[in-house]
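Q: sequence plus predicted model, see below.
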Amino acid sequence: MSSFKVITLTDRAADRLKAIMADAETPIAGLRVGVKNGGCAGMSYTMEYAEERKAGEDVIEDRGVTVFIDPKAVLFLLGTEMDFQTTKLSSQFVFNNPNQTSACGCGESVAITPVNPERLTAGATA
């Protein structure tokens, strides 16, 4: 079995997610992360509360936070670090994705090249 981690969280991201989930009106099992087609660069990241795991989702436990990964997004997100950044003008979650090839000027969409599954198989046996 591969030891590749689809996504990791920084301390700032984990702390912010814990605070948000603690304030939710209903019990939250974790955060669901994925990607969808759209935006000027071609794709955008998605995040939503998850009350339970859906069939086929990868489950990542990192820094006390449960993250569910949409199975269609795994090859686009592999190796991604999720951070939470605060500047003078905004506070937001940021995805540091090694598979991202470009982003639009507004920061709402990205171009992502999926990881080649053959590379994963070769790396797991090396």
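A: Sure, I can see it.

Q: going forward, measure contacts between C-alpha atoms and count neighbours the same way
A: Fine.

Q: which other residues reach stretch 76-88?
A: With contact meaning C-alpha atoms under 8 Å, 6 or more residues apart in numbering, stretch 76-88 is reached by 4-13, 16, 34-35, 91-99, 112-115.

Q: among these, the buried ones, what's the PyMOL command?
A: Written as a PyMOL command, the selection of buried residues from these, which uses 16 or more other C-alpha atoms under 10 Å, is:
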select buried, resi 6+7+8+9+13+16+34+35+95+97+99+112+115
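
Q: give me the subset of the contacts of stretch 76-88 lying in strands.
A: Among these, the members falling in strands (DSSP state E) are I7, T8, L9, G34, V35, S91, Q92, F93, V94, F95, N96, I112.

Q: could I get those as CSV with pLDDT?
A: As requested, these are exported to CSV (pLDDT from 0 to 100):
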residue, pLDDT
I7, 96
T8, 96
L9, 97
G34, 94
V35, 92
S91, 92
Q92, 91
F93, 93
V94, 91
F95, 92
N96, 92
I112, 77
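
Q: among those residues, which one lies nearest to I69?
A: The shortest distance between I69 and any of the ones in strands among the contacts of stretch 76-88, using C-alpha to C-alpha, involves G34 and amounts to 6.1 Å.

Q: can you tell me how far the closest one is from N96?
A: Here the distance between G34 and N96 works out to 14 Å (C-alpha to C-alpha, to the nearest Å).

Q: where exactly do the strands run in this structure?
A: When secondary structure is read from DSSP E, the chain shows strands at 7-9, 30-37, 43-50, 58-62, 65-69, 80-86, 91-96, 100-103, 110-112.

Q: if I pick T113, what's in contact with it?
A: T113 makes contact with F76, N99, Q100, T101 under the criterion C-alpha under 8 Å, 6+ apart.
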